[in-house]
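1. give me a 3D structure for the following:
(one chain, ligands or ions: 1)
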Amino acid sequence: MQLFASRCKSERKTIGLVPTMGYLHSGHMSLVKNSKNISDYTVVSIFVNPTQFAPNEDYNQYPRDIERDVKLLFEQGVDAVFIPDPETIYPKNYQTYVEVENISKILEGKTRPIHFRGVATIVSILFNCVKPDYAFFGQKDAQQCAVIKQMVNDLKLDVEIKICPLIRENDGLALSSRNIFLSEQERKDALVLNKSLQTGKEFIGKGERKASIILKEMEKLIASISSSQLDYVQIVDVESYSVQEELKDGTEYYLLVACKIGKTRLIDNIIVKA
Ligand code: AMP
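-> The predicted structure follows:
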């Protein structure tokens with residue numbers, strides 16, 4: 001991978017990297033399209049990163065289908081697919097981790113304390129292997145985008161981060177590799193995530209500016225689905241990713257939801273202007 005990257009560099013070509021954990025869907029493919037639009041070469045990495053999963057999480061169960069993914073990617077015209085082994089990335093005596101402090105501790109980071117340390121570490125390693133000019137991430141994982149942007153700024157990494165829109169099914173469910181775990185009933189129940197976001201948006205549209213009131217309405221809707229187990233609903237500033245109590249007119253916010261449907265943990269968000 002490093003040789004390929006060096007060769008591209010010596011040709012003065014730009015490289016776009018799309019980091020993924022595989023089991024690809026149209027959300028991933030939209031990142032690939034964005035990369036192909038502006039990069040000379042597009043590299044997609046597929047790596048289910050063990051250091052971002054806690055022992056009680058679904059590292060072993062995470063869906064994998066490398067053959068299908070690779071076929072899909074070459075049909076789409078990507079230039080290289082990087083599929084390292086866990087032992088290559090993290091050899092026996094591996095000791096180095098990247099920690100982005102404050103932003104990694106709230107929301108997703110509260111429920112998943114080691115998650116963003118693993119993410120920042122693997123993304124740093126991928127940047128060093130692929131040497132991208134651009135790296136593409138999905139708004140679906142809004143906090144991950146904020147963590148990566150913070151890391152790139154803090155460490156002065158020479159890569160431009162591009163955030164791409166969240167892709168949904170026709171009925172509004174955010175595409176996720178984990179949707180495969182949902183039963184037929186749970187698949188229907190899972191629509192409550194997007195519905196709760198739309199409810200929040202409606203309240204903001206009607207002029208409500210108190211986060212607690214907006215969030216209560218969203219919580220009520222989620223509680224009406226018996227298979228749901230809410231982790232959090234929250235409103236954060238798009239720029240700073242800080243939690244807001246009172247919204248300001250003209251400012252953009254992420255409405256966020258994280259919720260289990262049955263045993264499957266799902267996240268979703270929308271951007272709303274107050
Ligand atoms: P993952 O394979 O889940 O680690 O995701 C790889 C990349 O695809 C991340 O940058 C995600 O934010 C992005 N992604 C995942 N789902 C979607 C989606 N529904 N729409 C847009 N991007 C997505």
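2. now the end-to-end length of stretch 180-188.
-> Start-to-end span of stretch 180-188 (C-alpha to C-alpha, to the nearest Å) is 13 Å.
3. buried residues, it. List them.
-> Going by neighbour count (16 or more other C-beta atoms under 10 Å), the buried part of stretch 180-188 is Phe181, Leu182, Glu186, Arg187. (Each C-beta comes from the backbone N, C-alpha and C, glycine too.)
4. ok, stretch 60-79 next?
-> For stretch 60-79, burial by neighbour count (16+ other C-beta under 10 Å) applies to Tyr62, Asp69, Val70, Leu72, Leu73, Val78, Asp79.
5. Throw those into TSV and include pLDDT, thanks.
-> TSV is the format used below for the buried residues of stretch 60-79 (pLDDT from 0 to 100):
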residue	pLDDT
Tyr62	96
Asp69	98
Val70	98
Leu72	98
Leu73	98
Val78	98
Asp79	98
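6. now do the contacts for the spatially closest residue to Tyr97 that is not a sequence neighbour.
-> Distances taken as C-beta to C-beta, 6 or more residues apart in numbering put Thr121 closest to Tyr97, at 4.9 Å, once the chain neighbours are dropped. By C-beta atoms under 8 Å, 6 or more residues apart in numbering, Thr121 lies in contact with Thr51, Thr96, Tyr97, Val98.
7. got a list of what the last one touches?
-> The reference is to Val98. Arg117, Ala120, Thr121, Ser124, Met151, Leu155.
8. how does it look with 6 Å?
-> Contact analysis of Val98 by C-beta atoms under 6 Å, 6 or more residues apart in numbering lists Ala120, Thr121, Ser124.
9. now the second one
-> Going by C-beta under 6 Å, 6+ apart, Thr96 touches no other residue.
10. separation between it and Gln76?
-> In this view, Thr96 and Gln76 are 33 Å apart by C-beta to C-beta, to the nearest Å.
11. perfect, that will be all.
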